[in-house]
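coords below, sequence missing:
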């Protein structure tokens with residue numbers, strides 16, 4: 001394989017000049033100024049471990065100020081832009097953008113308060129248990145650049161010898177004593193001010209769960225005594241401050257629960273009602289144990305009875321406090337949710353709980369014009385008209401109705417893929433409770449919902465066929481917490497009926513059973529269930545996402561009717577054979593942040609759909625597909641698979657839509673932010689789809705023990721423009737392994753050509769899409 005690499009002297013000279021210009025920022029400094037290049041911390045101590053030194057050094061570095069100018073590969077391009085730009089006359093224009101947006105003001109040695117940093121180092125070290133820490137500094141300057149070297153002698157680290165919780169006869173102290181078993185202060189652990197603060201917060205949280213609403217972490221003092229031992233030990237004494245307010249030591253319970261579902265501050269000013277309310281005026285608003293101040297009867301009181309966790313006589317606790325606020329917000333009908341506790345009986349330590357709720361606009365009409373792309377490399381436009389009513393039956397039921405029309409054109413795919421026109425309507429009623437013959441109790445901060453949907457779509461694939469698609473579902477959505485979500489559809493129905501099949505498509509479909517099944521009447525019904533777990537909302541370096549889906553179609557009906565298509569016992573409903581299959585799909589993702597600007601994203605997909613009973617094949621709309629902008633990006637959408645089948649052997653170009661019953665896919669992507677909205681990525685994808693049964697029209701399509709040799713592999717680079725409201729993604733990929741090539745020729749490294757103009761590839765795939773692939 002011939003490779004020719006050429007770099008001209010002119011190019012090398014140009015690169016050298018650019019490197020020198022960006023790196024030589026000191027020539028813009030005035031006489032006597034020095035560019036601050038950062039701080040170096042040296043820790044001199046033989047008595048602490050390497051890990052302790054590492055942690056101490058990292059903590060000290062994070063607290064030093066100021067930070068030097070940012071650098072990239074040893075250069076300071078932002079400083080360079082600042083220096084070359086002229087001082088702008090106005091706060092706008094190119095010079096202003098270059099100097100203050102792209103650029104960065106130089107950080108000089110004169111900006112560094114070395115004595116202040118020395119004090120910061122000693123204080124931080126003391127807070128971490130190095131009570132005898134001492135620091136010195138030295139400045140090293142050369143060629144108008146300077147750095148500061150701090151030398152730290154931390155001494156021995158003090159360890160906790162004993163932890164005592166001071167006892168007395170008060171109620172609040174007894175509750176504190178009951179919380180000591182889970183203390184963060186442990187014998188033998190180092191003294192650490194951050195741990196002490198966490199211990200105070202822990203005690204505060206525990207007391208808040210036991211009725212002490214007015215308690216505060218500052219009411220706790222933790223005293224450290226280092227005089228009890230000469231072996232670098234410290235004794236901890238946890239106690240209540242002497243000046244703690246009496247209100248903080250009292251345990252409160254709920255007296256009355258009062259809800260204002262139409263709260264408006266202007267109405268309060270105008271004297272329509274007042275907070276707190278007179279107890280005598282509440283009687284007419286009573287509903288069970290709560291009072292709903294709603295003279296206009298916009299809301300049914302029972303929705304608050306379900307959403308509120310506090311009842312009369314309950315001991316206050318923070319968990320129910322937060323759960324109630326979150327459930328009121330998750331109803332989706334209130335714009336603002338405010339809560340106040342007002343003491344009603346100071347002798348019995350009771351207060352009233354007020355919920356001041358400002359509703360959103362109950363109805364909205366919205367017209368949307370969208371530009372869209374999908375994984376099948378189609379781009380087009382869509383027009384939506386949506387009407388929403390957020391309180392349809394006065395019980396916070398959300399009713400949504402929409403009509404839409406869309407036109408999609410395939411870009412970069414086969415020439416005769418044909419365009420698609422779609423039009424349709426959907427309605428959904430979402431009820432904020434579980435409607436079922438059994439009682440469903442949820443202690444989640446999220447209100448469970450019963451969802452009912454109906455839909456119709458008219459689909460026309462020009463020159464091929466027209467389909468009518470009817471759908472409906474009834475099911476439930478509920479969350480255990482912010483990380484776990486369940487979506488159970490008791491019944492999910494789809495009916496597909498062909499309205500028109502052109503002679504062209506009819507002649508094409510006669511050559512293939514799979515093509516014919518696309519336009520057959522289909523009746524699919526049964527339950528579906530999906531479980532989602534994610535912690536990606538947490539500020540952790542490593543997070544995961546998982547979604548598992550189970551789809552069971554026609555199972556009970558097939559069992560009752562004894563359907564068996566293989567024994568010529570195909571059963572129909574109103575003359576239409578119903579589909580019977582079981583399908584499972586798993587989508588697992590792992591994300592790791594190396595820094596604020598770099599991260600790794602990976603995904604693994606495994607799915608299986610198995611037809612049986614009344615079906616020999618999975619319906620086309622429920623099969624798996626591979627390739628495209630959100631899949632294996634080195635292959636056009638739906639052109640990959642099944643198995644080692646070569647779609648180029650089919651005379652009809654439309655048959656580029658390939659599907660399968662088994663799917664395996666792996667993706668990995670390294671992401672980096674270059675500048676604000678500009679992001680780049682390097683990625684690799686691998687995967688394919690297979691059939692569970694033989695298909696005479698598609699040899700090599702069945703899943704077998706040879707599946708590993710039929711995995712397609714691709715790699716590439718991407719550019720992502722993050723404009724906040726949308727992310728425009730451009731991914732350039734090339735196949736590295738093609739499963740439908742001859743077995744010994746599937747790896748394609750030897751098909752990369754290098755020449756005088758650099759390398760070129762005959763099969764580069766450009767994917768244009770909105771948003772990240774995963």
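Received, thanks. All values derive from a computational prediction rather than experimental measurement.

can we go C-alpha only for contacts and neighbour counts from here?
Noted.

What residue in this protein is the furthest from its centre?
Note on the chain: the largest C-alpha distance from the chain mean falls to residue 230, namely 51.8 Å (Cα atoms, centre = their mean).

Please state the backbone phi and psi of that residue?
For residue 230, the backbone dihedrals (degrees, to the nearest 10) come out as phi -100, psi 10.

Let me know the secondary structure of residue 323.
Following DSSP: H, G, I helix; E, B strand; the rest coil, the label given to residue 323 is helix.

my read: it touches residue 445, true?
Yes: contact criterion Cα atoms under 8 Å: residue 323 and residue 445 qualify, at 4.7 Å.

Name the residues that touch stretch 502-522?
463-465, 467, 494-498, 501, 576-579, 619-620, 652, 655, 697 (Cα atoms under 8 Å, 6 or more residues apart in numbering).

Buried subset of those as a PyMOL selection?
Buried residues among the contacts of stretch 502-522 (16 or more other Cα atoms under 10 Å), as a PyMOL selection:
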select buried, resi 464+465+467+494+495+496+497+498+501+577+578+579+619+620+655
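
Okay, and which of the contacts of stretch 502-522 map to helices?
Among the contacts of stretch 502-522, no member falls in helices (criterion: DSSP state H).

Return the subset of the contacts of stretch 502-522 lying in strands.
465, 467, 494, 495, 496, 497, 498, 501, 576, 577 (DSSP state E).

of these, closest to residue 706?
Closest approach between those and residue 706, by Cα to Cα: residue 577, at 34.1 Å.

I'd like to know how many residues surround the residue nearest to that closest one when sequence neighbours are not counted.
With Cα to Cα, 6 or more residues apart in numbering as the criterion, residue 577 has its nearest non-adjacent residue at 5.8 Å, and that residue is residue 571. For residue 571, the count of nearby residues is 21 (other Cα atoms under 10 Å).

picking that back up, so which of the ones in strands among the contacts of stretch 502-522 is the closest to residue 221?
Nearest member of those to residue 221, counting by Cα to Cα, is residue 494, at 65.0 Å.

shouldn't that closest one be in contact with residue 470?
Yes: if you go by Cα under 8 Å, residue 494 and residue 470 touch, sitting 5.8 Å apart.

ok, now how distant is residue 145 from residue 763?
With the distance defined as Cα to Cα, to the nearest Å, residue 145 ends up 50 Å from residue 763.

I'd say residue 729 and residue 719 touch.
Yes: using Cα under 8 Å, residue 729 is in contact with residue 719, at 6.0 Å.

Looking at the two, which one has more neighbours?
residue 729 (21 against 18).

what pLDDT does the more buried one get?
Looking at residue 729, its pLDDT is 91.

Check whether it sits in a helix, strand or coil.
strand.

And for it, nearest residue in space, chain neighbours not counted?
Using Cα to Cα, 6+ apart and skipping residues adjacent in sequence, the residue nearest residue 729 is residue 720, 4.5 Å away.

and the helix or strand harbouring that neighbour, which strands flank it?
Taking DSSP states H and E as the definition, residue 720 sits inside strand 712-722. Here strand 712-722 is paired, per DSSP bridges, with strand 678-690 (antiparallel), strand 727-737 (antiparallel).

rank these by pLDDT, which is bottom?
Of all those, strand 727-737 has the smallest average pLDDT, which comes to a mean of 92.

Tell me the buried residues in it?
Neighbour-count burial for strand 727-737 flags 729, 730, 731, 732, 733, 734, 735, 736, 737 (criterion: 16+ other Cα under 10 Å).

which residues sit against that strand?
In contact with strand 727-737 (Cα under 8 Å, 6+ apart) are residues 629, 633-635, 711-722, 746-749, 761, 763-772.

returning to what we had before: buried ones in the strand holding residue 720, by neighbour count?
For strand 712-722, by 16+ other Cα under 10 Å, it's 712, 713, 714, 715, 716, 717, 718, 719, 720, 721, 722.

how about those residues in JSON lines, adding pLDDT and distance to residue 307?
As requested, the buried residues of strand 712-722 are arranged in JSON lines below (pLDDT from 0 to 100; distance: Cα to Cα, whole Å):
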{"residue": "712", "pLDDT": "95", "distance to residue 307": "51"}
{"residue": "713", "pLDDT": "96", "distance to residue 307": "51"}
{"residue": "714", "pLDDT": "95", "distance to residue 307": "51"}
{"residue": "715", "pLDDT": "95", "distance to residue 307": "50"}
{"residue": "716", "pLDDT": "95", "distance to residue 307": "50"}
{"residue": "717", "pLDDT": "95", "distance to residue 307": "49"}
{"residue": "718", "pLDDT": "94", "distance to residue 307": "46"}
{"residue": "719", "pLDDT": "94", "distance to residue 307": "46"}
{"residue": "720", "pLDDT": "91", "distance to residue 307": "42"}
{"residue": "721", "pLDDT": "91", "distance to residue 307": "42"}
{"residue": "722", "pLDDT": "88", "distance to residue 307": "38"}
